[in-house]
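Engineer: Any chance you could fold what I've pasted below:
(chains A and B)
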Amino acid sequence: MTTAVLDQQTVPAHWTHRHLLDLERLSPAEIATLLDTATLFKEATGGCRRKLAVLAGKTIVTLFFENSTRTKTSFALAARRLGADVIDFSASSSSLSKGESFIDTAKNLEAMGVDAVVVRHQTPGTPHLLAQQLSVGVINAGDGPHEHPTQGLLDIFTIKERLGDLTGATVGLVGDIAHSRTARSNLWGLVKLGAKVILCGPPTLVSDRWRELGVEVSHDLDAIVPRCDVLNLLRIQFERQNTRPFPSVREYAHLYAMTHDRLKRAKKDLLILAPGPINRGVEVTAEVADCPQSLILGQVANGLAVRMAVLWLTCGPRTGAAARSF
Amino acid sequence: MGTLLIRGGRVVDPAQGIDRVDDLLVRDGQVVSVGHGGGQPLGRADETIDAGGLIVAPGLVDMHVHLREPGREEDETIETGTRAALAGGFTSVACIPNTEPPIDTQAAVEFIHQKATRADTCNVFVVACVSRGREGKELAEIGQLVEAGAVAFSDDGAPVYDAELMRRAFEYCRMFDKPILAHEEVLELSRGGVMHEGLVSLVLGLGGMPAAAEEVLIGRDVALAEVTGGRLHAMHVSTAGGVALIREAKRKGIRVTAEACPHHFTLTDESLRGFDSNFKMSPPLRTAADVEAIIEGLVDGTIDCIATDHAPHAREKKMLELDRAPFGILGLETALGLSVTRLVHTGRLGWPRLVEALSTLPARILGINRGTLRPGAVADVTLIDPALTWTVDVSEFRSKSVNSPFHGWTLQGRAVATIVGGRVKHRLA
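Structural biologist: Predicted structure coming up:
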């Protein structure tokens, strides 16, 4: 029933973006539209298992300049669930290794007639530069430590499924905030939806400057655990660090790993998210990762729903001459 | 060559304390006099320029220009860079030796002079390397470079990292009374950075270059200048802390001078929000508080002069991801317009102070016989229309590159004629 409706429906007129580059510049209403659409798709596909044809005839390319398994697979699967064709463009096997610039590569793909480019790149802003250069839609699948909007959306989607309204909920983002695009997308999305955000980690990974945005910064996990409704445990990105920001993994885990002991001091219904890939024993101990409060695997399933929503809103059929800008 | 009469302009020559509407007479490439010299009429000239409503200034001097030749002619050449200088109102430039190969031998200095003579555009003064090969390991042959005509020494592009080598350079240069132009940056602190470290870099997830990276090395070099009696010239000062350190050093009587770039008193790190590599330069764009401190420094003289750090990069090099694109911004063709718009029309600087910052003091720091309209001086003159409103269009630039973030900006104030050695080398069409 819902499926049939979606097949004929056009993208809501108030959604005007051709690209999804970051959550920072979306309004609360736009984020709500994304999440509502994800709910719609999750239901219409029987929990993301059945196929629709709302993007039949469209071609989506995944252009990943940085390794990824889960995000790329999730986008590809989401596109296929909507009936789109998917091309995977692997940066290492392309002419990029022959010195072609990323803009030329993307322009070539555009010339081949694709409808949207899902891009991951190690440099912040690269999706934004592509969006300026290309006439097709650009979806940011992670740009260095800047943003990872679909990951942020799926974390928030997962929290909303459990909590309903986010207004007034306290969400702790713990760990490598400095290098985490997931943290930034979560931060913007959560704040816009009325949640209270606490960033927690050592000062070398969590700058006090974040307070200038009105969020709370804490360097003491034990102090914030009892106050949190949700904890999102972010991976330590060893690969992005110049010099190690803490003396040892052992010391980091001692101060900031989510352990059974810390869990005992938390609210009974605390939700634990970890956008993974997680380092068990660093950000979270194995027993906590697998405990009932942990939503680590549920997050992966919701990723499909969110990415279907993003692909449809940016590439789906529109009525009339809806403004297309960003 | 004959005579050239520049009639009825506002002659501003801080070196002589002149700021009045008057005539300027030039004969055979030299200044004869400002005004009627004892009430006598100046008589007829071979050529007359009506300078009514214009500023008549000693030719502008940019003491920090990357001409890229030899080695990177795809970005700029001595000819294109000096044509850009003339179009921007500069009659003299000092070129920085981080070319390929670097300018660290007499032959290399002579190559620059020869190319400049052949280009027949503006004056080119050569800054030579502090260290051999710009490697920061041992001193270049500074005495011989001075004999070849080098006016100052710099390893710019990078700091002189070894503190002892810097100390020796100060000591050694003192015997020639030459300044060391210093790029002040602690590289470990700015490693991996593409922009100023602050709230904006935090939000954008871009690597930051903290203000402390500049301040720490200015502090070191001030201390070394003090202990050696050498002359430190801090290039492209960009931070409030850097300005404060230089102010304090000057108060103590240490031989320190400093320059600031137009982009550092015009733009902030907020500009990086669009991820446009034309806003990527080193030192990076800082905060609004730093911009204000730079302007304060120019007002009270802590910052002696304005220099562009003109750093051309071919278009394809800048069309890269932010972390792969090179640092650098064009400056020669926008510096005067930005300075007049941002500093004079806002009431922060008067014309005499601006001319001092763009001509008198850079000439004095480099020890070159320019920067004044004294009788007998080389007749390098820049005529500036302070009211002329114009729009920056990179497609009209004489420079070979277009990496200017000011494309499309409307500025007020522009050079309308640039005169080198009594010859009009550029006239605004």
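Engineer: Extract the C-alpha trace of stretch B:150-169 and format it as CSV.
Structural biologist: Extracted C-alpha coordinates of stretch B:150-169, given in CSV (Å, rounded to 0.1, in the frame of the first residue of the first chain):
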residue,chain,number,x,y,z
ALA,B,150,71.5,41.2,-2.9
VAL,B,151,69.7,43.6,-0.7
ALA,B,152,68.5,41.2,2.0
PHE,B,153,68.5,37.6,3.0
SER,B,154,65.7,35.1,3.5
ASP,B,155,64.9,31.4,3.4
ASP,B,156,61.2,32.3,3.1
GLY,B,157,58.9,29.6,2.2
ALA,B,158,60.4,28.0,5.3
PRO,B,159,61.9,29.4,8.5
VAL,B,160,65.6,29.2,9.2
TYR,B,161,65.0,26.3,11.5
ASP,B,162,68.3,25.8,13.2
ALA,B,163,68.5,28.5,16.0
GLU,B,164,72.3,28.5,15.9
LEU,B,165,72.4,29.0,12.1
MET,B,166,69.9,31.9,12.5
ARG,B,167,72.2,33.4,15.2
ARG,B,168,75.2,33.2,12.9
ALA,B,169,73.2,34.7,10.1
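Engineer: what distance separates the start and the end of stretch A:112-121?
Structural biologist: Its first and final residues considered, stretch A:112-121 spans 21 Å by Cα to Cα, to the nearest Å.
Engineer: pLDDT weak spots in chain B?
Structural biologist: Along chain B, the model assigns pLDDT under 70 to residues B:36-43.
Engineer: can you pull out the helices in it?
Structural biologist: B:78-87, B:106-119, B:142-148, B:163-174, B:187-190, B:199-204, B:211-228, B:240-251, B:288-300, B:315-318, B:335-339, B:351-355, B:361-366 (DSSP state H).
Engineer: and of those, who's closest to chain A?
Structural biologist: In terms of Cβ to the nearest Cβ, the element of the helices of chain B nearest to chain A is helix B:199-204, at 5.2 Å. Placement of C-beta: from N, CA and C, glycine included.
Engineer: Contacts (any at all) between chain A and that closest one?
Structural biologist: Yes: Helix B:199-204 is in contact with chain A by Cβ under 8 Å from any Cβ of the partner chain, via B:Leu199, B:Leu202, B:Val203, B:Leu204.
Engineer: How far does that helix sit from its chain's centre?
Structural biologist: Centroid displacement of helix B:199-204 relative to its chain, using Cα atoms, centre = their mean, to the nearest Å, is 30 Å.
Engineer: which residues are in contact with it?
Structural biologist: A:24, A:124-125, A:146, A:184, A:207, A:209-210, A:212-213, B:193, B:195, B:207-208, B:269-270, B:272-273, B:275 (Cβ atoms under 8 Å, 6 or more residues apart in numbering or on different chains).
Engineer: How about the residues of the stretch 151-300 of chain A by chain B?
Structural biologist: For the stretch 151-300 of chain A, the residues in contact with chain B (Cβ under 8 Å from any Cβ) are A:His179, A:Arg181, A:Arg184, A:Ser207, A:Arg209, A:Trp210, A:Glu212, A:Leu213, A:Asn242.
Engineer: rewinding a little: who wins for most neighbours among the residues of helix B:199-204 next to chain A?
Structural biologist: Neighbour tally across the residues of helix B:199-204 next to chain A (other Cβ atoms under 10 Å in any protein chain shown): the maximum, 27 neighbours, falls on B:Leu204.
Engineer: Tell me the spacing between B:Ile294 and A:His254.
Structural biologist: Applying Cβ to Cβ, to the nearest Å, the value for B:Ile294 to A:His254 is 45 Å.
Engineer: out of these two, which sits in the more crowded spot?
Structural biologist: Ranked by neighbour count (other Cβ under 10 Å), B:Ile294 and A:His254 place B:Ile294 first, with 26 against 11.
Engineer: returning to what we had before: among the residues of the stretch 151-300 of chain A next to chain B, which ones are buried?
Structural biologist: Buried by 16 or more other Cβ atoms under 10 Å in any protein chain shown: A:His179, A:Arg181, A:Arg184, A:Ser207, A:Trp210, out of those.
Engineer: Could you report the pLDDT at A:Thr285?
Structural biologist: If you check A:Thr285, the pLDDT there is 84.
Engineer: In this structure A:Cys257 contacts A:Thr285, no?
Structural biologist: One correction, residue A:257 is Ala, not Cys. Yes: taking Cβ atoms under 8 Å as the definition, A:Ala257 is a contact partner of A:Thr285 at 6.1 Å.
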